[in-house]
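Colleague: Take this sequence and fold it.
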Amino acid sequence: MQGYNVIMVYNESADKILMCKRLKNPYKWLDNLVGGKIELGESGLEGAYRELFEETSISKNDITLHHLMDFTYYYQNCYVEVYVGKLKHEVLVSGEENQLYWSDLNRNFFDMALYAGEGNIGHMIEQVNMCKDTVLCD
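Modeller: Predicted coordinates:
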C-alpha cells in the first residue's frame, strides 16, 4: 500500500496556514496543503520532513512536526499520514512545484470548488483546533 503525507504548516503566530495552488493533476488549480509520497524505506515522519523541505525550503530546524491523523483508502490502495507544526521563527518559503502562499484561517476550507481533498482540509483544521495547545506549542 503506497503511503503519502500531508503537512499542515502554521506560521509562528499560528494565525495563518501554508497553502499551495496545485499546478498539475490531481486537483489542478485548487488550493491544497503541501505533501507527497513516502519513499520506500523511509518512515512517515522522515518523508514528511523531506517533502516539506523539497516543496517549501522549510527544514527540520524550522519546525517540529506532530503526527495528527491518518486516512486509509482501501480501494485506492493507499494511505495518507497528516502532520502538523508551527514555525519556530519566520521562514522565507520557496518552491517550484506549486505556488505557495499563507492563508488566513477564516476561510471555508470545506469548499470543494476551491480546495482539494473533498473537504478533508477543513476536517484537518478542525482537528488541529481541538488540540492546538498540544500540536502548536513549539
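
Colleague: Assess the claim that Lys28 and Arg22 are in contact.
Modeller: Yes - counting by Cβ atoms under 8 Å, Lys28 touches Arg22, with 5.4 Å between them. Using the backbone N, CA and C atoms, a C-beta is placed for each residue, glycine as well.

Colleague: between these two, who's got more neighbours?
Modeller: Comparing Lys28 with Arg22 by other Cβ atoms under 10 Å, the one with more neighbours is Arg22, at 17 against 10.

Colleague: That one and Phe53, how far apart?
Modeller: Arg22 sits 19 Å away from Phe53, going by Cβ to Cβ, to the nearest Å.

Colleague: With Val82 instead?
Modeller: Counting by Cβ to Cβ, the gap from Val82 to Phe53 is 18 Å.

Colleague: More neighbours: those two, which one.
Modeller: Neighbours around Val82 and Phe53, counted as other Cβ under 10 Å, are more numerous at Val82. The numbers are 24 against 14.

Colleague: Report the separation between that one and Glu54.
Modeller: For Val82, the distance to Glu54 - Cβ to Cβ - is 18 Å.

Colleague: Asn32 too?
Modeller: Using Cβ to Cβ, we find Asn32 at a distance of 15 Å from Glu54.

Colleague: So for these two, which sits in the more crowded spot?
Modeller: Neighbours were counted for Asn32 and for Glu54 using other Cβ under 10 Å; Asn32 has more, 18 against 14.

Colleague: Check whether that one really touches Asn120, as I assumed.
Modeller: No - the criterion here is Cβ under 8 Å, and Asn32 misses it with Asn120 at 9.9 Å.

Colleague: other SSEs contacting the lowest-mean-pLDDT helix or strand in the chain?
Modeller: In the chain, no helix or strand scores lower on mean pLDDT, DSSP states H and E than helix 132-135, which sits at a mean of 92. Applying 3 or more Cβ pairs under 8 Å, 6 or more residues apart in numbering; DSSP states H and E, one finds that helix 132-135 contacts strand 66-73.

Colleague: All the strands of this protein, residue numbers only.
Modeller: Here the chain has its strands, by DSSP state E, at 2-10, 16-21, 31-32, 34-37, 66-73, 78-86, 99-104.

Colleague: Which positions within stretch 95-115 qualify as buried?
Modeller: Residues of stretch 95-115 classed as buried: 95, 98, 100, 107, 109-110, 115 (neighbour count, 16 or more other Cβ atoms under 10 Å).
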